[in-house]
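**Student:** need coordinates for the below:
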Amino acid sequence: MKLRYPHGRCAFVCVLGMAFLASPARGRSPEPLLPDRACGNSRTVLEATRAGNAMVQQVMATGMPWGDKALNEYINRLGQNLARSSGSQQVFAFYVLYDPQVNAQAFPGGNIVVNSGVISLAESEAELASVLSHEIAHENSCDWRNAPRLGNLFELIAVVPAVVFGGPVGIAVLSVSGLTAPVARARAYRLAEERADRLGALYLARAGYDPQAAVDFFQRLQADHERGGGEPGGLLATHPRTADRQSKLEKTLPNLPSPQVAPHDETEFLRMRQAVRDYDDIYSRVTGVRVPGREAPPPQLSRRPTVEAAGSR
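**Tutor:** As a prediction, the model looks like this:
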């Protein structure tokens, strides 16, 4: 599901992308001491964390990490604040990947990767926070345990680049027989997504954001799907349809504790989003790929040279 760059444009994209290669948004110890918890005993969690770290390394190696320090630090601060508000004891690490697809991924061990497309599409910091909160909810719910029982999570690493937000925690869409999840498994994934939507909205409220922002982002995402020709299928079929998620979340909001909405200065968010959109414009003009919230760029037509009349007639 990753974007494929046309061969004729690959050199430009590679050169342009080198400016954005960087370390993740937050450094971390590769083997933290983890207590027993709901996700399993310390040995189970440690193995999952090691596998999750390796998965993220492969995702970032096959993608285009965003190298601007300011954006990485901003996403890290925002994510860590939301994680604290969730009450989680998990150690989190946040990564930014340049990819116009509006996606995010969570991997075992508190690893969360957010695509630049999410930042580009969001209209407020609260909307961006709603996506991060959703992924934090996957981690807090230990949804990586839904991964197929292949004996060892490390066996999934080879296929990680093919999976982008394909189910809870990104990896769980895989089955022993291949990439097609059985009906019962797919239903479990959809339920996990709905749970993460509800918990994510709760985390938003705890962090001082209006949880209505999560509904607003779903509306924006639905409109973006319509501009792009419809909601994606394939692996994303393990997710409820965006319109259904929006409807169910709207019914959930009245049951949440009244949020103590704190004023948020949008200046930094707007500056970070503009940096992404500026790069989107360059990327779109060069590749012809539609970027979030906008129509596909018109094709560049070649013109014949104007031929002057040889003389007056």
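**Student:** show me what counts as buried in the helix or strand harbouring residue 51.
**Tutor:** Taking DSSP states H and E as the definition, residue 51 sits inside helix 42-62. Residues of helix 42-62 classed as buried: 44-56, 59-60 (neighbour count, 16 or more other C-beta atoms under 10 Å). In this view, the C-beta of every residue, glycine as well, is placed from N, C-alpha and C.
**Student:** which one of those residues sits closest to residue 72?
**Tutor:** Nearest to residue 72 among the buried residues of helix 42-62 is residue 60, at 11.9 Å by C-beta to C-beta.
**Student:** and the residue nearest to residue 264 when sequence neighbours are not counted, how close does it get to residue 82?
**Tutor:** Among residues not flanking residue 264 along the chain, residue 125 sits closest, at 5.5 Å (C-beta to C-beta, 6 or more residues apart in numbering). Counting by C-beta to C-beta, to the nearest Å, the separation of residue 125 from residue 82 is 11 Å.
**Student:** one more: residue 138?
**Tutor:** As judged by C-beta to C-beta, residue 138 and residue 82 stand 13 Å apart.
**Student:** thinking again about what came up before, look at residue 125 and residue 82 and report which has more neighbours.
**Tutor:** Comparing residue 125 with residue 82 by neighbour count (other C-beta atoms under 10 Å), the higher total belongs to residue 82, at 26 against 21.
**Student:** surely the more buried one is in a helix?
**Tutor:** Yes: counting by DSSP: H, G, I helix; E, B strand; the rest coil, one finds residue 82 located in a helix.
**Student:** any idea of the pLDDT on it?
**Tutor:** The confidence metric pLDDT takes the value 96 at residue 82.
**Student:** how close does it get to residue 188?
**Tutor:** 25 Å.
**Student:** ok, residue 258 next?
**Tutor:** Going from residue 258 to residue 188 by C-beta to C-beta gives 32 Å.
**Student:** now swap in residue 277 and tell me
**Tutor:** Relative to residue 188, and taking C-beta to C-beta, residue 277 is found at 37 Å.
**Student:** quick one: the residue nearest to residue 264 from residue 270, how far?
**Tutor:** Taking C-beta to C-beta as the measure, residue 125 falls 9 Å from residue 270.
**Student:** so where's the stretch 151-300 of the chain uncertain?
**Tutor:** Low-confidence segments of the stretch 151-300 of the chain, defined by pLDDT under 70: 151-187, 230-240, 296-300.
**Student:** switch to 80 and redo it
**Tutor:** For the stretch 151-300 of the chain, applying pLDDT under 80 flags the ranges 151-190, 228-241, 259, 262, 293-300.
**Student:** and residue 291, that's in a strand?
**Tutor:** No: assigned with three-state DSSP, residue 291 falls outside any strand and is coil.
**Student:** just to check, it is in contact with residue 282?
**Tutor:** No: between residue 291 and residue 282 there is no contact under C-beta atoms under 8 Å: 10.0 Å.
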